[in-house]
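In: Based on what follows, work out the 3D shape:
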Amino acid sequence: MRKLLYLLLLLPFVVVSQGNESFLLNLTEINVKQGHEAQFIEGVKSWKKCYQDNEGKNKWNMWRRVQGEGSVYTLTSSMAKWAEMDEDNDIAGQKCRIKVVDLIRPHIKSTNYNIARSMPEVSRTTPMPEDTKLVWVYNVKTSNSDSFKEAVKEISTAIKKAEGDSRATWYNVQGGQGSDYFVAVPYKNFAEMDVDRDGVWKIYEKANGKAKTDALRAKFRASVSSDWSYMYTLNEELSN
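Out: Okay, here's the model as predicted:
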């Protein structure tokens, strides 16, 4: 399946729980042509049905970006090891290739593919709870990777000590264009975002005092050259 999807520039944003072990996350950002979103959705549905009818085993999730220009989707899946990219034994994917060629690709303006590695030492124990329907993703490009990772580790340690676990999963992007690191915060719905909780800096300050917090915040900001964030909602009809 993976080689087929690489070929078609469509790679499966779900995270299959890997426990506390690091895993690789495939992400393909799909920019749909203006006015073609309905056709794109129907095309993916048709491909998914074909894949299921042919007893395909692979899993993926499709997420739609909430903010920003245009209709943008992100398709994701996870791998335990790089060696999985050598595999080409997905018969169902091969049988359904024409669905992608005829019904999906004509409605795509552009795609951007990346691979990221999870960072379990600073992340939550369960990367993506089963009831996740929304994720907030914060991306950064760094000017000093070592300082950035040190700051993230200190913040994560404080949150785990205060709450028992981290709130999010951190990833290190493996080359390509875009961010160097990103963090994904899962939510069950938009209403959960209204829950009043202390911010991460407030938690750190309670544990370590204002002076140390100010110093760490300055270190974090100095290590980041640019940042941006988006929210994504899960489209269950297009996921498998």
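In: distance between the host helix or strand of residue 230 and the chain's centre?
Out: Using DSSP states H and E, residue 230 sits in strand 224-235. Offset of strand 224-235 from its chain centre (C-alpha atoms, centre = their mean, to the nearest Å): 9 Å.
In: average pLDDT across that strand?
Out: The pLDDT scores in strand 224-235 average 97.
In: Of all the residues in it, which ones are buried?
Out: 224, 230, 231, 232, 233, 234 (16 or more other C-beta atoms under 10 Å). (Glycine included, C-beta is placed from N, CA and C.)
In: So what are the sheet partners of it and their directions?
Out: Strand 224-235 pairs in its sheet with strand 61-65 (antiparallel), strand 134-142 (antiparallel), by DSSP bridges.
In: Could you dump the ones you listed into a markdown table with distance to residue 239, mean pLDDT and mean neighbour count added?
Out: Formatted as a markdown table, these follow (distance: least, C-beta to C-beta, whole Å; pLDDT from 0 to 100; neighbours: other C-beta atoms under 10 Å):
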| stretch | distance to residue 239 | mean pLDDT | mean neighbour count |
| --- | --- | --- | --- |
| strand 61-65 | 4 | 97 | 22 |
| strand 134-142 | 13 | 97 | 18 |
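In: so what's residue 73 closest to, chain neighbours aside?
Out: Take residue 73 and drop its neighbours on the chain: the residue closest to it by C-beta to C-beta, 6 or more residues apart in numbering is residue 30, 4.6 Å away.
In: and that neighbour, what helix or strand is that in?
Out: Element membership for residue 30 (DSSP H and E) is strand 24-32.
In: for the record, mean pLDDT for whatever helix or strand comes next after that strand?
Out: Scanning forward in sequence from strand 24-32 by DSSP H and E, the next helix or strand is helix 37-53. Averaged across helix 37-53, pLDDT comes to 96.
In: Who are the packing partners of helix 37-53?
Out: Packing contacts for helix 37-53, counted by 3 or more C-beta pairs under 8 Å, 6 or more residues apart in numbering; DSSP states H and E, involve strand 71-79, helix 91-95, helix 97-99.
In: Now the element after the last one, going C-ward?
Out: Per DSSP H and E, the first helix or strand lying C-terminal to helix 97-99 is strand 108-118.
In: Okay, angle between that next one and strand 71-79 too, please.
Out: Strand 108-118 runs at 40 degrees relative to strand 71-79, counting by axes from the mean of the first three to the mean of the last three C-alpha atoms, to 10 degrees.
In: what's in contact with strand 108-118?
Out: The contact list for strand 108-118 (C-beta atoms under 8 Å, 6 or more residues apart in numbering) reads 6, 9-11, 15, 18, 22-34, 40, 70, 127, 169-178, 182.
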